[in-house]
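Asks: Could you work out the structure for the sequence below:
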Amino acid sequence: MSAKNRDNKNRWRNITVGFRVSPEENELINKAVALSGLPKQEYCYRRCLNQDVVVQGNPRVFKALKTELATVLTELKRIEAGNGVDEELLNVIELITVILGGLKGEDTDGK
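Replies: Residues are numbered from 1 along each chain as shown. Next comes the predicted model:
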């Protein structure tokens, strides 16, 4: 039998919540989780409960940012060749902008 686990506020977490997503939604969720630096479970808690997701800069986050920026660069080169911009790319660029602005200590709300 496995040991009982408590979260950082000493609560039992013994209820499972699950939901289905499309492959595209799964990809977006995985990108956001990688860029946040949080475990997927913690990221989902915070987003579902409308809590702030605070990104702490660490090597894993910077590697995820580097990877996503390389993907964005590839897409921008494709767009330059005459193809259109898709909504998913714009969402990823916006997420990267918010994260990088937060790491630099800037206000990304435009205030």
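Asks: Spatially central residue in this structure, please.
Replies: For the chain, Ala32 is the residue whose C-alpha lies nearest the centre (Cα atoms, centre = their mean; 1.5 Å).
Asks: quick one: secondary structure of it?
Replies: Following DSSP: H, G, I helix; E, B strand; the rest coil, the label given to Ala32 is helix.
Asks: So it sits against Tyr43, correct?
Replies: Yes. Using Cβ atoms under 8 Å, Ala32 is in contact with Tyr43, at 6.9 Å. Bear in mind the C-beta positions are built from the backbone N, C-alpha and C, glycine included.
Asks: could you list every residue that touches the residue nearest to the residue nearest to the centre of the chain when sequence neighbours are not counted?
Replies: Of all residues not flanking Ala32 in the chain, Leu95 sits nearest, at 6.2 Å (Cβ to Cβ, 6 or more residues apart in numbering). Leu95 sits next to Lys31, Ala32, Leu35 when contact means Cβ atoms under 8 Å, 6 or more residues apart in numbering.
Asks: Quick check: the gap between Leu95 and Arg20.
Replies: Note on Leu95: its distance to Arg20, by Cβ to Cβ, to the nearest Å, is 23 Å.
Asks: Check Asn14 too.
Replies: 22 Å.
Asks: Likewise for Arg46?
Replies: Distance check for Arg46 against Arg20: by Cβ to Cβ, it reads 21 Å.
Asks: Having no further points to raise, I will conclude here.
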